[in-house]
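1. With the input below, show me the fold.
(chains A and B)
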Amino acid sequence: MNPLGWPLKTRLERGIALAALVYVILGPLFLSQNFSQNVLTRTFFMGIVASSLIFLSAYGGMVSLSQTALFGLSGVILGNLSTKGGTGGTSKGLHLGWNPTLSVVVAVVLTTAFALLLGAVSARSAGIYFLMITLTFAVIVTLTLSSVTKISGFSGIGGIDRAAPSWVGPNVNLHEDRLYYIALVAAILVYVLIRYIVRTPFGISLQGIRDDPLRMGSLGYNVALHRTLAFGFGGFIAALAGVLYVWWSGQIAPGNVDLPETINVLIIAVIGGLSRIEGAWVGALAFILMDNYITDATRIPLLGFGGTLFGGRFPTVIGIIFLLIVLVSPGGLMGIWDRGFGAFGIARGFRRPKEASGH
Amino acid sequence: MTAFAAQLRGSVMTRRAIAPGFAAALVVFALLYVLVIAHPPGANGGGDWATTNFGSAIDDPGSFLRIVLDSVTFAGALFIVASGFALIFGLMRVVNMAHGSFYLLGGYIAYEIQQEMAGQGFSLDSSQVNTADWLVPLVVAAVCIAIIGLITQQVFLRWNQGQELRQALITIAISVIIADQIIGHFPRFVSAGTQQFGGNAVDLTWPGWTNRFVNLHVAGVSYSLVRLVMLGLGVAVGVGLWVWLNKTRTGMMIRAGVDDKDMASALGINVQRTFAIAFVVGSALAAMGAVVWGSQAALAQGQDGQWLLNSLVVVVVGGMGSIFGAAAGAILYAFVLNFSGSYLPTTGSDCCTQYSPIFTFVLIALVLAFRPQGLFGRPG
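-> Numbering: from 1, shown residues only, chains lettered A, B, ... in the order given. Predicted coordinates for the structure are as follows:
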């Protein structure tokens, strides 16, 4: 465990990770409130959604586009359960006014159960077919939310009481940085949990199924069950992010989880890199920075022509960046990082373990 | 090992026994519900749980027939769009996620041309529109989208052949760009007094001669000729595709290229050209479908996602890359949408609750439970 014995790449990565951790922990002391709450807090929970997508893709070989819908489902359930209504005004939903802890637990449990159902339905499909089926589920969930007026309706639930469970404080907005730290801790826990899960026997056999489902099946592993459970776990992570989102924004509507939003989460995961969990937060930060600072100039000026770039707005820019990433580096930013090491021949321990031991 | 095999067979047998039983029970119940149980609407057009928009088929055969016809004719439009998607997927294993964007862009292009030809206004009166004012926009839009499809395929997809996920991601990126460009540029004409913003809802207009009702002499039903024309177009596209793929030289070359690309190349078939042709035809069908359905309903921002979903559902249900699958998927999906929208109770206090998306999900889940590859799909 001597850090000096690690390969250079690992040392660099862990150093960067440590620096980033110190930066975000101390961040609220010196960062503007706008930056910490609108950029970093958002990065934490969007990274959690993206990490569920990357987990399924990297370790299960399943690119799921349902994660955003599951995220929204958990938010809508929480909104229905915890909002008291009445004084809040005209917001829709059931106004059950449950205890906040119970609401969060039920929202996460129900979403996970629903994810298990979706997983069971789609588990026998793989590859591109799986992507299409999960995209279909995502759009259906959004349409259902917007057309069933009792639980959400098109305009969704607004004015949700942001009453977090008492063990995280009476109200997440009581202190301006409380939600920041909740989201940070959640992101770290999710990261550690995923890293743990993929090392368990379940995680190992899941990776075996990713590489060769036929062989794993004939060895006696239940392929469909593994895929279903992995999908349920992904749903659980997405549900956590949904809770954080509702605490952050105080509302949830089908428009927050519709097809463009689903694609945004996919873009985050692809920009970060579909093969490494860390990419989720790297991609989320990159995307949210662009979202915050490019949107300011609603129309992108076309230099020297007085017009705008194809009349386009933020989505055109993000679409072009996404296209470039997919064309140039399918592994995203993390792929560029990994390949950079490979290209300079200093990827000791990662690609060539024998060399690393001689350090 | 034998015990394991027996266990495996046992579980498969059980699943085979349970799923069809469940499906059959569901279908029987749905039929009974529609035929006998459904209640007519209350006096205020809404009411308690058991109140539906239409009475049961026994009480109200006219409505029943109309909904059946609505389903079949909608399936015609659905088939035109989805067959393009299925063609591209089935032949090239490319999931064209930009199909919905192609649809919407084609619709808006046709709208602009029709406005130029037949006069301007948010919604033209059908008497202003003659057959050419409808056909020319259709052809031009189909050609434009075919060219965009060809560029997409040649520039971005061709050199990524076989990398299915990467190709899907590329088409997603293209769909994001096109969707945003539509908002940036369309529609150029809006009716006087309406504020123009990106992606206004607009209507194409059917030619005047279709604007009448046909008396079917069954249960006193007069039915819109337009929707029957729509069905006719869907059938024509289906027959045309079938003949093209099965009876012409190009079609045979395309199928040979799909089955064994290397062997077909070795025999002197230009496989790349046949793939390009397939992509062109598939994209053009998206635009054609947009003109057909855009003349019936509105084109608006967000329809791209809706029609991508429609194509996906049809193909997931019907099976990948089969013309018959696309037809079966379109009909099933259209029936589920229309019947659950019409015969399910709506609750009085909330005006617009619709349960049809949930039943779309049930349809997909049921089909996938028996056949993960879809009804007519080939395994693998």
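
2. Could you check how far the residue nearest the centre of chain A is from residue A:254?
-> Centroid-nearest residue in chain A: residue A:49, 1.7 Å away (criterion: CA atoms, centre = their mean). From residue A:49 across to residue A:254, the span is 16 Å (CB to CB, to the nearest Å). For the C-beta atoms, the positions are set from N, CA and C on the backbone; glycine is no exception.

3. Also residue B:284?
-> Applying CB to CB, the value for residue B:284 to residue A:254 is 32 Å.

4. can you check residue B:218 too?
-> Here residue B:218 is placed at a distance of 40 Å from residue A:254 (CB to CB).

5. Kindly report the same for residue B:249.
-> Going from residue B:249 to residue A:254 by CB to CB gives 49 Å.

6. need the contact list for the residue of the stretch 151-300 of chain A found nearest chain B.
-> Nearest residue of the stretch 151-300 of chain A to chain B: residue A:259, at 3.8 Å (CB to the nearest CB). Counting by CB atoms under 8 Å, 6 or more residues apart in numbering or on different chains, residue A:259 makes contact with A:138, A:139, A:142, B:305, B:308, B:309.

7. If you count contacts, what does the helix or strand where the fifth one lies end up packed against?
-> Assigned by DSSP states H and E, residue B:308 belongs to helix B:303-318. Under the contact definition 3 or more CB pairs under 8 Å, 6 or more residues apart in numbering or on different chains; DSSP states H and E, helix B:303-318 sits against helix A:127-147, helix A:259-272, helix B:61-92, helix B:99-118, helix B:164-185, helix B:271-296, helix B:323-343, helix B:356-370.

8. With residue A:44 as the reference, name the closest of these.
-> Residue A:44 sits nearest to helix A:259-272 of all those, at 12.4 Å, using CB to CB.

9. Tabulate the CA atom coordinates of the closest one in CSV.
-> Taking C-alpha atoms only, helix A:259-272 is exported to CSV below (Å, rounded to 0.1, in the frame of the first residue of the first chain):
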residue,chain,number,x,y,z
LEU,A,259,-36.3,12.9,-23.9
PRO,A,260,-33.9,15.9,-24.2
GLU,A,261,-33.0,15.6,-20.5
THR,A,262,-32.5,11.8,-21.0
ILE,A,263,-30.1,12.6,-23.8
ASN,A,264,-28.3,15.2,-21.7
VAL,A,265,-27.6,12.6,-19.1
LEU,A,266,-26.3,10.3,-21.9
ILE,A,267,-24.2,13.2,-23.1
ILE,A,268,-22.8,13.6,-19.6
ALA,A,269,-21.9,9.9,-19.4
VAL,A,270,-20.4,9.9,-22.9
ILE,A,271,-18.4,13.1,-22.4
GLY,A,272,-17.0,11.6,-19.1
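
10. one step back: out of the contacts of residue A:259, who has the most neighbours?
-> Tallying neighbours with other CB atoms under 10 Å in any protein chain shown puts residue B:308 at the head of the contacts of residue A:259, with 29 neighbours.

11. returning to what we had before: among residue B:249 and residue A:254, which residue is more densely surrounded?
-> Ranked by neighbour count (other CB under 10 Å), residue B:249 and residue A:254 place residue A:254 first, with 22 against 7.

12. ok, now which ones touch the more buried one?
-> By CB under 8 Å, 6+ apart, the contact set of residue A:254 is A:72, A:142, A:143, A:145, A:146, A:152, A:154, A:156.

13. now do 7 Å
-> Neighbouring residues of residue A:254 by CB atoms under 7 Å, 6 or more residues apart in numbering or on different chains: A:142, A:145, A:146, A:152, A:154, A:156.

14. Next, the contact list for the first one, please.
-> Residue A:142 makes contact with A:69, A:254, A:257, A:258, according to CB under 7 Å, 6+ apart.

15. among these, which are in strands?
-> Among those, none falls in strands (DSSP state E).
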